[in-house]
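**Student:** curious how this folds, go ahead:
(chains A and B)
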Amino acid sequence: MKNQTIRKLLVANRGEIALRIFRTAKTLGVKTVAIYSEPDAASLHVAAADEARLVGPAEAAKSYLNIAAIVAAARETGADAIHPGYGFLSERPEFARAVAEAGIVFVGPRADVMAALGDKVSARKIAVAAGLPVVPGIESAEIKAVRSFTEEHGYPLLVKAAAGGGGRGMRVVADDKSLEAALEGASREARAAFGDGRVFIEKYLARPRHVEIQILGDEHGGLIALGERDCSIQRRHQKIIEESPAPGLAEATRARMIGAALSLARAAGYTNAGTAEFMVEGDKFYFLEINARLQVEHPVTELRYGVDLVAAQLTVANGGHVSELPAPRGAAIECRIYAEDAEHDFRPAIGTLLHLNVPSGPGVRFDSHLAPGVVVGAWYDGMLGKLICYGEDREQARSRMVAALDEFTLLGVTNNAAFLRAIVASDAYCKADLSTHFIEEHFKGWRGGSESDDAALVAAAMAAVGTPGAAASLAPASMSDGRVTPDRSPWSELASFELWKSSR
Amino acid sequence: MKLKRESGEELDLELLGHDGAKVRVRVGERQIAAEVQAVSGGGAIVTIDGKRFRVASARRNSSILVAVGPRNFEFEPVEESRRQHRGLAATEIVAPMPGKVLNLMVKEGDVVETGQPLAVIEAMKMETTLAAESPAIVKRICVTAGQMVDHGAVLIELSPPPDSSGRESAPPET
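**Tutor:** Alright, predicted model coming up:
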C-alpha cells in the first residue's frame, strides 16, 4: 500500500540537475544524498547534499551508470527514494527495477512502463495502437529493408538509436552511397552511449518543428498535461533553446497534441513526469517518442505554470494525487550553455573555469553547478548550465534573455553563450521562424561580431605584458626602454582585473 | 609581439603605454585608445570610443584567454611553426580535445587524399572524425584504438605525398 513519505532522497546524477533536485528536497524537509565519481569530489552537487557517497572512477560506466554501487549507496545511507535526474540511468528500466527490488522508491514511471515507452521502436507501436500519427518509418536497419523503404519514401532518411536520446546514435542519410556507413556509425555510437546498438529508420521531414507536451500522472489514474514546449532550435540534433508556449502553434493543433499525449500516457499506464515529443509541420503532427523522465528544459514549464515539477514528482512518488492546474501565464525561454565552440562545428571544449559572472534580475533563473575552479572535463555531457527567462509575453522573455546573456561571462571554458545571444537577438528568432533546421538556415558558419574585438585586443595586450614570468618573452619593445616597466604596468594598478590562475 | 587568434588570424600587438586608466594599444598599423577600470569580483570595464565592455582575462599555459561579455577569445603567442612542411597542410594529426581514440582508418605507409578520414575520436560521447588536410603519406601511427588521449596529443604523423614537389628531407620553411 503506497502512502509512504520520502524522508531521504538519493539523486543518481551530477551537475546542475542534482543541485536542482536537492534544492526542492530541502524545501520539503527531505534529507539528501549525493553520489559522485572521483573527479567530481569537489563538485557543488556533493557539497549541497546532506551526505555523499563515492560510487566509482571518472568513467560513467563505473560510476554514474553503476547500478549496484548506486543502490548500495542508497542502502548504506538509508535513502528511501532515488531520483535519477535526466541522462545516465534515468531511462534504464533495469535501474528502476533494481531500485524497486531493493525496497526503495524510484521517482519516475514503473520499470515495465519505462521499458515499453523508453524503447523508441516499442513506443512507436504503442503510439500507433493508441491512434497517434507517427512519421513513416521501419523498425529494421537491415540494409535490404531500408533500401525498399527508400524506394517508396526516398531520401533523406533518419537513422535513430532505439535506446537513444540527445541526438546520439542519430544520422541523417542523404543518399544510398552513405547509407551503410551511417547505419554502422549510428549503431556504434548508440552502443557506446546506451549499451544498445539497435537502430531504426524514419523518413526525414523537410522542415519540422519540435514540440513536446509535458505530462504528469499519479498512481490513481490521475493524469494532466502541462502545456507544450517548442524545442526546435537544435544543433547536432540536440536542443539548445526551448520555449513555451510554442509561438504560432494553432490552438486546435495544441489541443489535439495534448489529447494525443494524454491518450498515449493512459494507454501505457504512465505515472510520474514524462514528455511526449512530436514533430510538427503546419497543422500536422507526428509522435516521436516519450521521454520517461524529467526533461532538461522542465523549468520553462515551471515558470509558466508556477509549479515545482520535482516537488510534483515526489508527491506522485509518495502516492499522492495530481490535480488540474490553473491556466499558464506569460512566456518562458531557456538557453542551454554548453562547453563547445560554436564557431568551429560546436566542437566540445574543456578547461578550468576561471571567472564567472552570473546574470540576475526579474524573471531570470540560472540553474547550474558552475563555480570558479570547476574543471570541465571530457568525461560527461558538456552542459554547463541553463539560463531561463520569464516574461509577461514572448517579447519580454526574449529581451530579458538578451540582457541576461549580455551580463553572462564565463572565462576558462569556451562556451556557446555569445552564439545563444546572437540567436535570441536575431530577426529570425524574433519572428519565431522556427524549425529544427533553424541553425542551418540562419546561423550556418556563424562568427561572433567584431564589435567587441578591440576590447579583447586591449585585454590581450595587457595580459601579455602583465604576465609574471612570461614578461621577458612577451614584453613589447617599449618595456625594455623603460616607458612601461613591470612594476608600473597597468597590471599592478589594476591587479584585480586579471585572475592569475593556471589551468594546471 | 605576435599573437594568433583562435580563428588562426595573426596579429601584431603592442602595448604602447598607459597613463593612469588610459591605455594605448597598437594592432598592426592601427592604434586603439581605451580606458580600463577594474571591477570588484574580477574583470574590468574597457571603454573604447565611449562604448563600455565588460572584460575578463586570464592565462592558461602559454595562451591568453579573454572574455568580453558572453564572448570568448583565445590568443596564442606565435612561434615559428614546426608543423608546417612543404607540400603538407600539417605533419601531425593531433587530438582536438581530450577523449578516446575510437578508430584508426589508416596504417603506416598508406597514401591518403585530402579529406580522407584518418581517425575517429570520441569525447563527451560525440564522435569527431579527423581527416587529412592535404595529400600525404602516413608516416607513423602514435596511438592505438581505445586509448585515452589528451588535448593536443599527436595521433598520426604524416609525410609529404610521393608526387609532392617538396623533398621529404627538406627542413621546414622558416
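
**Student:** mind showing which ranges of the chain have poor pLDDT?
**Tutor:** Using chain A here. A:1-4, A:165-166, A:466-504 (pLDDT under 70).

**Student:** oops, wrong one, chain B.
**Tutor:** B:79-89, B:124-126, B:163-174.

**Student:** tell me the domain ranges of it?
**Tutor:** B:2-76, B:87-159 (automatic domain parsing).

**Student:** any chance of those in CSV, with mean neighbour count too?
**Tutor:** The C-beta positions use only the backbone N, C-alpha and C, and glycine is treated the same way. As requested, the domains of chain B are arranged in CSV below (neighbours: other C-beta atoms under 10 Å in any protein chain shown):
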stretch, mean neighbour count
domain B:2-76, 18
domain B:87-159, 18
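
**Student:** tell me which of those domains lies nearest to residue A:13.
**Tutor:** Closest approach to residue A:13 among the domains of chain B is made by domain B:87-159 (15.6 Å; C-beta to C-beta).

**Student:** chain center to that closest one, what's the gap?
**Tutor:** 16 Å (C-alpha atoms, centre = their mean, to the nearest Å).

**Student:** kindly report the same for stretch A:177-189.
**Tutor:** 25 Å.

**Student:** any buried residues in that stretch, and which?
**Tutor:** Residues of stretch A:177-189 classed as buried by neighbour count (16 or more other C-beta atoms under 10 Å in any protein chain shown): A:179, A:182-183, A:185-189.

**Student:** out of those residues, which comes closest to residue A:451?
**Tutor:** Out of the buried residues of stretch A:177-189, the member with the shortest distance to residue A:451 (by C-beta to C-beta) is residue A:189, at 38.5 Å.

**Student:** run through the residues that contact that closest one.
**Tutor:** By C-beta atoms under 8 Å, 6 or more residues apart in numbering or on different chains, residue A:189 lies in contact with A:161, A:168-169, B:125, B:127.

**Student:** how about it, nearest residue that isn't a chain neighbour?
**Tutor:** residue A:169 (4.6 Å; C-beta to C-beta, 6 or more residues apart in numbering or on different chains).

**Student:** same question, residue A:342
**Tutor:** Using C-beta to C-beta, 6+ apart, the nearest residue to residue A:342 is residue A:419, at 3.5 Å.

**Student:** can you spell out which helices and strands pack onto the helix or strand hosting residue B:17?
**Tutor:** Here residue B:17 sits within strand B:10-19, counting by DSSP states H and E. Using 3 or more C-beta pairs under 8 Å, 6 or more residues apart in numbering or on different chains; DSSP states H and E, the elements in contact with strand B:10-19 are helix A:453-466, helix A:477-480, strand B:2-5, strand B:22-27.

**Student:** so in chain A, which helix runs the longest?
**Tutor:** helix A:251-268 (DSSP state H).

**Student:** which one among the buried residues of stretch A:177-189 gets closest to chain B?
**Tutor:** Comparing the buried residues of stretch A:177-189 against chain B with C-beta to the nearest C-beta picks out residue A:189 as the nearest, at 5.8 Å.

**Student:** which SS class is the closest one?
**Tutor:** helix (DSSP: H, G, I helix; E, B strand; the rest coil).

**Student:** still on that earlier bit, distance to residue A:33 added to the helices and strands packed on strand B:10-19, as JSON lines?
**Tutor:** Listed next are those as JSON lines, based on distance: least, C-beta to C-beta, whole Å:
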{"stretch": "helix A:453-466", "distance to residue A:33": "43"}
{"stretch": "helix A:477-480", "distance to residue A:33": "55"}
{"stretch": "strand B:2-5", "distance to residue A:33": "46"}
{"stretch": "strand B:22-27", "distance to residue A:33": "52"}
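
**Student:** and the contacts of residue A:189 as JSON lines, adding secondary structure?
**Tutor:** As requested, the contacts of residue A:189 are arranged in JSON lines below (three-state DSSP):
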{"residue": "A:161", "secondary structure": "strand"}
{"residue": "A:168", "secondary structure": "strand"}
{"residue": "A:169", "secondary structure": "coil"}
{"residue": "B:125", "secondary structure": "coil"}
{"residue": "B:127", "secondary structure": "strand"}
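
**Student:** out of these, who's nearest residue B:59?
**Tutor:** For these, the nearest to residue B:59 is residue B:125 (30.6 Å; C-beta to C-beta).

**Student:** dump the residue contacts of residue A:362.
**Tutor:** residue A:400.

**Student:** confirm that it sits in a helix.
**Tutor:** No: under three-state DSSP, residue A:362 falls outside any helix and is assigned coil.

**Student:** coming back round to it: next, the residue nearest to residue A:189: phi, psi?
**Tutor:** phi 70, psi 20 (degrees, to the nearest 10).

**Student:** chain A versus residue B:119, what's the distance?
**Tutor:** 14 Å (C-beta to the nearest C-beta, to the nearest Å).

**Student:** sec struct for that residue, please.
**Tutor:** strand.

**Student:** surely it is in contact with residue B:156?
**Tutor:** Yes: using C-beta atoms under 8 Å, residue B:119 is in contact with residue B:156, at 6.4 Å.

**Student:** ok, now which ones touch residue 111?
**Tutor:** No chain specified, so I'll use chain A. Per C-beta under 8 Å, 6+ apart, neighbours of residue A:111: A:93-94, A:96-97, A:100.

**Student:** not quite, I wanted chain B
**Tutor:** Taking C-beta under 8 Å, 6+ apart, one finds B:135-138, B:161-162 in contact with residue B:111.
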